[in-house]
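*Asks:* Take a look and give me a structure for this.
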Amino acid sequence: MRHVRRGRGTIGRVGVMRFSRRTNWNTEESLLSRAHRLRAQAGLPIADLTASNPTRCGFAYPRDLLEALADPRALDYDPQPRGNRQAREAVCRYYADHGAVVRPEQVVLTTSTSEAYSFLFRLLCDPGSEILVAQPGYPLFDFLAVLDDVALKAAPLIYDHGWQIDAEGFRQTITPATRAIVLVHPNNPTGHFTKPREAEELARLCREFDLSLIVDEVFLDYGLQDPGRSFAAGVDGVPVFVVSGLSKIAGLPQMKAAWIMATGPEQAQALDRIEVIADTFLSMNAPVQCALPKWLDGRAAIQGQIRERVAANLVALDCQLREVPEVSRLEVEGGWYAVLRIPALQPDEQTVLALLELGVWVHPGYFFGMAESGWLVVSLLAESGEFSTGVTQLVDYFRTHQGGNKKTL
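*Replies:* As a prediction, this is how the structure comes out:
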């Protein structure tokens, strides 16, 4: 305690607030964030090749989209822990379009896939339990796991003529504390779908070690060639929990609508337990639930625009990269990101800072769990003009600053 004088002749004690260890993060501004902020504040141009918010990428949304929020049914407080039936039926129609038969009873609505993960971690894990997550992958899981007192263990993806799951690497990562495997299908940022043979290999591990499978399918509708198969169809003998939501499916991240779909052994008991968790938080609001069927049923309009943009930007990227053989674009099957292999001549953070000085903003690969050198990740979602400008600056940088022999993967 620190002692201070309060008023005339009085002594008081000012306590130091004690925080939980789970929130003991380093909240100082990172070097990259600071550099980006200062450039933006100076009014200097930035071609954003990290753009992931579809509402700010120039897509056309229906003018009447928000009218669905005025449904008078939202005035009635009717708490249903799994979400209202009409909304869950709309989710079932979505999966029917993907060839999977899903009943409304298998669906629990959440405000986000982040909340869905948190519910599932609480369902499956005790403090100190472990979850396997394929890496490279999105860093969100790190924060969610800490908040729910769960330990994450990275399971390897390998690149050999395309990204692949290293089943033996997964096996070696499993311990008695492991409760589930998390997949992102297609993965973010690698953009690869889990193949049927890989799914069966993981299913064997799940059956052998009594594990559940959590599958994030937010990018499922954005296959560059063929759509991927949804895990909602189930995996023989394995408890499967599919998470998805409107953020990507309908290009509406601000509407905070997502869900868990459960299938496989003991799904009834699992869903009953998730219902109690959901009932405790009562987090899904009525207007969004009422609007969800219209937004989900009308997803084709925004998805078509996004797929067209992503395909066009990918072609433009490949065209410009031909000028710099030192940089290669790895194979991608879906989603809206591309991974670039660059000469590992310096830490990627320095490369990102140098590119920012030229007016282009990209992700370093280590942000997604890759090595500290040799990788960049770019979004394919930006408007075509901005994307072309950014890629031109990127190509010019590598042409003039980082020529030489490219390291092999």
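*Asks:* ok, and the closest non-adjacent residue to Gly334?
*Replies:* Beyond its immediate neighbours in the sequence, the residue positioned closest to Gly334 (CB to CB, 6 or more residues apart in numbering) is Pro186, lying 3.7 Å away. All C-beta atoms are positioned from the backbone trio N, CA, C, and that covers glycine.
*Asks:* Number of residues surrounding the one you found?
*Replies:* 26 (other CB atoms under 10 Å).
*Asks:* Show the contacting residues for it.
*Replies:* Contact analysis of Pro186 by CB atoms under 8 Å, 6 or more residues apart in numbering lists 192-194, 219-220, 222-223, 228, 333-335.
*Asks:* quick check, nearest of these to Glu28?
*Replies:* Proximity of the contacts of Pro186 to Glu28 was ranked by CB to CB; the top entry is Gly335 with 30.9 Å.
*Asks:* For the closest one, which residues are in contact?
*Replies:* So Gly335 contacts 186-189, 191, 219, 222 (CB under 8 Å, 6+ apart).
*Asks:* what would the residues you listed look like in CSV with pLDDT and secondary structure?
*Replies:* Listed next are those as CSV, based on pLDDT from 0 to 100; DSSP: H, G, I helix; E, B strand; the rest coil:
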residue, pLDDT, secondary structure
Pro186, 96, coil
Asn187, 96, coil
Asn188, 95, coil
Pro189, 96, coil
Gly191, 96, coil
Phe219, 97, coil
Tyr222, 97, coil
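*Asks:* State the distance from the residue positioned nearest the centre of the chain to Ser129.
*Replies:* Compute the mean C-alpha point of the chain, and by CA atoms, centre = their mean the closest residue is Tyr138, 5.5 Å away. Applying CB to CB, to the nearest Å, the value for Tyr138 to Ser129 is 21 Å.
*Asks:* isn't Gly128 right up against Leu152?
*Replies:* No - here Gly128 lies out of contact with Leu152, judged by CB atoms under 8 Å, at a distance of 12.0 Å.
*Asks:* With neighbour numbers in mind, choose between these two.
*Replies:* Here Gly128 and Leu152 are compared on neighbour count by other CB under 10 Å; more neighbours surround Leu152, at 17 against 9.
*Asks:* so where does that one fall, helix or strand?
*Replies:* Using DSSP states H and E, Leu152 sits within strand 151-159.
*Asks:* Glu28 now?
*Replies:* Following DSSP H and E, there is no helix or strand that holds Glu28.
*Asks:* follow-up on the earlier one: which one of the contacts of Pro186 has the most neighbours?
*Replies:* Going by other CB under 10 Å, Gly335 tops these with 27 neighbours.
*Asks:* Phi first, then psi, for that one.
*Replies:* Main-chain torsions, Gly335, degrees, to the nearest 10: phi 80, psi -160.
*Asks:* same question, the one 4 residues further on
*Replies:* In terms of degrees, to the nearest 10, the main-chain angles of Val339 are phi -100, psi 130.
*Asks:* That one against Thr190, yeah?
*Replies:* Yes - assessed by CB under 8 Å, Val339 is found in contact with Thr190 at 6.0 Å.
*Asks:* who has more neighbours, the two?
*Replies:* The neighbour count for Val339 versus Thr190, taken as other CB under 10 Å, is higher for Thr190 (27 against 24).
*Asks:* Which residues does the lengthiest helix in the chain contact?
*Replies:* If you go by DSSP state H, the chain has its longest helix at helix 299-321. Residues from elsewhere that reach helix 299-321 (CB under 8 Å, 6+ apart): 54, 57, 59-62, 94, 221-222, 224, 249-251, 327-329, 332, 336, 338, 340, 378, 380-384, 387-388, 391-392, 395.
*Asks:* Show me what secondary structure element comes after it.
*Replies:* That would be, after helix 299-321 and using DSSP H and E, strand 328-329.
*Asks:* what secondary structure does Pro79 sit in?
*Replies:* Of the three states, Pro79 takes coil according to DSSP: H, G, I helix; E, B strand; the rest coil.
*Asks:* State the distance from it to His98.
*Replies:* Distance of Pro79 to His98, computed by CB to CB: 30 Å.
*Asks:* Looking only at neighbour counts, state which of these two leads.
*Replies:* More neighbours surround His98 than the other of Pro79 and His98, with 17 against 9 (other CB under 10 Å).
*Asks:* So what's the residue count around the closest residue in space to that one that isn't next to it in sequence?
*Replies:* Closest residue to His98 apart from its sequence neighbours, by CB to CB, 6+ apart: Ser230 at 4.3 Å. The local packing of Ser230 (other CB under 10 Å) involves 22 other residues.
*Asks:* Could you confirm Asp60 falls within a strand?
*Replies:* Residue 60: Ala, not Asp. No - per three-state DSSP, Ala60 lies outside any strand segment and is coil.
*Asks:* where's the nearest residue to it once chain neighbours are set aside relative to Trp336, distance?
*Replies:* Distances taken as CB to CB, 6+ apart put Gln305 closest to Ala60, at 6.8 Å, once the chain neighbours are dropped. Here the criterion is CB to CB. By it, Gln305 lies 12 Å from Trp336.
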